[in-house]
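Engineer: coords please:
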Amino acid sequence: MRRLLLVLAMAAASCSAMNPNPNPTPTTVAGKHATTTTTRKAAPPTPTPTTTRSVYYIDCPAAWAADAAPILKGQPGYRPELDRDRDGTACEAVRS
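Structural biologist: Coordinates of the predicted model:
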């Protein structure tokens, strides 16, 4: 009997060591069966890193030197002043 109690005590200790937040035990309140529960707060969502940077090219030779041309409308560095024919592509190669 003593050995059985020792084994049960050791098993209970190892279970609580593996699960630091065990389920709460039911309690009896005024003759009614009630349970207490613990709720965990959800972790706040981690912000996604943005890879969009603000880029400004003073002119097309600067964009060409940075190996960024041609620049499409919506991409960092695009601005209408660099788009000669207003087709949505700035600093495109000169057409012959």
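Engineer: give me the neighbour count for Pro70.
Structural biologist: 17 (other C-beta atoms under 10 Å). Every residue, glycine included, has its C-beta placed from N, CA and C.
Engineer: likewise for Ala69?
Structural biologist: Using other C-beta under 10 Å, Ala69 has 19 neighbouring residues.
Engineer: what's the nearest residue to it if we skip its chain neighbours?
Structural biologist: Cys91 (3.8 Å; C-beta to C-beta, 6 or more residues apart in numbering).
Engineer: show me where the protein has helices.
Structural biologist: Using DSSP state H, the helices of the chain run over 2-18, 60-65.
Engineer: for this protein, which spans come out with low pLDDT?
Structural biologist: By pLDDT under 70, the low-scoring segments of the chain are 1-38, 47-53, 94-96.
Engineer: now the strands: where do they sit in this protein?
Structural biologist: For the chain, the strands defined by DSSP state E cover 27-29, 32-34, 71-72, 89-90.
Engineer: show me what the last one is packed against.
Structural biologist: So the one you mean is strand 89-90. strand 71-72 (3 or more C-beta pairs under 8 Å, 6 or more residues apart in numbering; DSSP states H and E).
Engineer: contacts for the strand it packs on next, please.
Structural biologist: Residues outside strand 71-72 that contact it (C-beta atoms under 8 Å, 6 or more residues apart in numbering): 57, 63, 77-78, 82, 88-91.
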